[in-house]
Structures are given as structure tokens and as C-alpha cells.
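Asker: got a predicted structure plus its sequence, pasted below:
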Amino acid sequence: MKILCDIYKTASKDEMYLYLCRTKGFKSVPEVLLQSFGEPILVTTLVLTEAKKLARADVTKVMADLSVKGFYLQMPPPKYPKANDSQ
């Protein structure tokens with residue numbers, strides 16, 4: 001399976017990305033999410049496959065969300081690691 005995906009960032013929150021299925025565009029994104037996300041800035045367009053590696057997201061989860069919901073929201077990583085993460 002292949003999905004053509006547009007990836008957008010926002011100026012309002014570092015490292016937050018919105019992945020959109022190219023064929024559905026913004027139609028599937030809830031209005032409240034669009035309002036809190038802010039002005040979307042296109043970063044890149046990718047063809048996603050199960051073999052594709054993404055830096056901070058599981059490609060199978062991204063593809064599943066794109067197929068079902070039409071979008072995937074990648075949240076920024078936590079600023080501080082949990083205490084038990086350093087062990």
C-alpha cells in the first residue's frame with residue numbers, strides 16, 4: 001500500500017506536524033484542531049509505504065490514521081525525559 005502524504009508544520013508550536021492524505025486534504029481535519037494548530041506551512045510531500053522510515057513516528061500508525069481519519073498529528077517530544085527513562 002502507498003499513500004501520498006503532505007506534511008505541514010506550524011509556527012505556533014515547535015516540532016508539531018500534521019500529516020494529511022493528499023487525496024483528502026484538510027477536509028478530514030476537525031475545525032478545532034485546525035484552529036489550535038495555526039497557519040499550516042507545507043514542509044514536504046512523501047509517498048508512504050510500510051518500508052518507509054520516519055524520524056519520530058511509526059509509519060504503520062501514520063498510514064492507518066491517514067486511511068481511517070485522513071490525518072495524523074505528530075506531537076512534539078517531551079522537553080524533559082521521565083525520571084525512569086535515563087536508566
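Answerer: Nice, thanks for sending it over.
Asker: number of residues surrounding Met63?
Answerer: Here the number of neighbours of Met63 (other Cβ atoms under 10 Å) works out to 21. Just so you know, the C-beta spots here come from the backbone N, C-alpha and C atoms, and that holds for glycine as well.
Asker: confirm that it sits in a helix.
Answerer: Yes - per DSSP: H, G, I helix; E, B strand; the rest coil, Met63 lies within a helix segment.
Asker: quick one: the strands in this protein?
Answerer: Residue ranges of the strands in the chain, as given by DSSP state E, are 3-10, 17-21, 40-48, 71-74.
Asker: now tabulate those in a markdown table and tack on mean pLDDT, distance to Met63 and mean neighbour count.
Answerer: Shown next, in a markdown table, are these (pLDDT from 0 to 100; distance: least, Cβ to Cβ, whole Å; neighbours: other Cβ atoms under 10 Å):
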| stretch | mean pLDDT | distance to Met63 | mean neighbour count |
| --- | --- | --- | --- |
| strand 3-10 | 95 | 6 | 18 |
| strand 17-21 | 96 | 9 | 22 |
| strand 40-48 | 96 | 5 | 13 |
| strand 71-74 | 96 | 8 | 19 |
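Asker: wait, which of the ones you listed is closest to Ala57?
Answerer: Checking these against Ala57 by Cβ to Cβ gives strand 71-74 as the closest, at 5.3 Å.
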